[in-house]
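Participant: can you look at this prediction? I've put the sequence above it.
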Amino acid sequence: MANNQRLWGYPEVAAHLGISVGATRSRKSRSSLPSPDDDSVPDRPRWKPSTFHNWRPVGQGFRSDLRSATRPEDTQAN
C-alpha cells in the first residue's frame with residue numbers, strides 16, 4: 001500500500017463489529033465483509049478503518065419475516 005494508514009486485521013475488525021475473530025473469519029469466507037483493501041499477504045487480509053465507517057453487516061436488525069402472523073401463545077383464552 002502506498003500510504004502508511006494503519007490497517008485492520010481480523011482482531012481489529014472483530015473488535016469493531018463486536019464479534020469473535022472466528023466469526024469474523026467465517027463472515028469473510030462467506031463474503032459477508034467488504035473486500036479487503038490489502039490482500040497482498042495470503043490468509044491475512046487487511047482493511048482500512050474507513051472501509052467500515054458506513055458499512056453495515058448483512059442481516060443486522062429485526063427479522064419480521066421470522067414470525068408468523070399469529071403465534072399460539074398470543075391466541076390463548078383468558
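Facilitator: Okay, I see it.
Participant: and Ile19, that one's in a helix?
Facilitator: No. Looking at Ile19 with DSSP: H, G, I helix; E, B strand; the rest coil, it is coil, so not inside a helix.
Participant: how about the nearest residue to it, chain neighbours excluded?
Facilitator: Using CB to CB, 6 or more residues apart in numbering and skipping residues adjacent in sequence, the residue nearest Ile19 is Arg27, 7.8 Å away. No exception for glycine: its C-beta is placed from N, CA and C like everyone else's.
Participant: quick check, that neighbour in a strand?
Facilitator: No. Arg27: not assigned to a strand; according to three-state DSSP it is helix.
Participant: looking at it now. What's its pLDDT?
Facilitator: Looking at Arg27, its pLDDT is 92.
Participant: from Gln5, how far off is it?
Facilitator: Distance, Arg27 to Gln5, by CB to CB, to the nearest Å: 23 Å.
Participant: show me which of these two is the more surrounded one.
Facilitator: The neighbour comparison of Arg27 against Gln5 (other CB atoms under 10 Å) goes to Arg27, with 18 against 10.
Participant: just checking, that one touches Pro45?
Facilitator: No. Look at Arg27 against Pro45 with CB atoms under 8 Å: they stay out of range, at 11.5 Å.
Participant: residues in contact with Arg46?
Facilitator: 7-9, 36-39 (CB atoms under 8 Å, 6 or more residues apart in numbering).
Participant: report the two of those separated the most.
Facilitator: Farthest apart among these by CB to CB are Trp8 and Asp39. That separation is 13.0 Å.
Participant: in this protein, where is pLDDT below threshold?
Facilitator: Along the chain, segments meeting pLDDT under 70 span 1-4, 58-78.
Participant: ok, now with 90
Facilitator: Within the chain, the stretches with pLDDT under 90 are 1-5, 17, 30-31, 42-43, 53-78.
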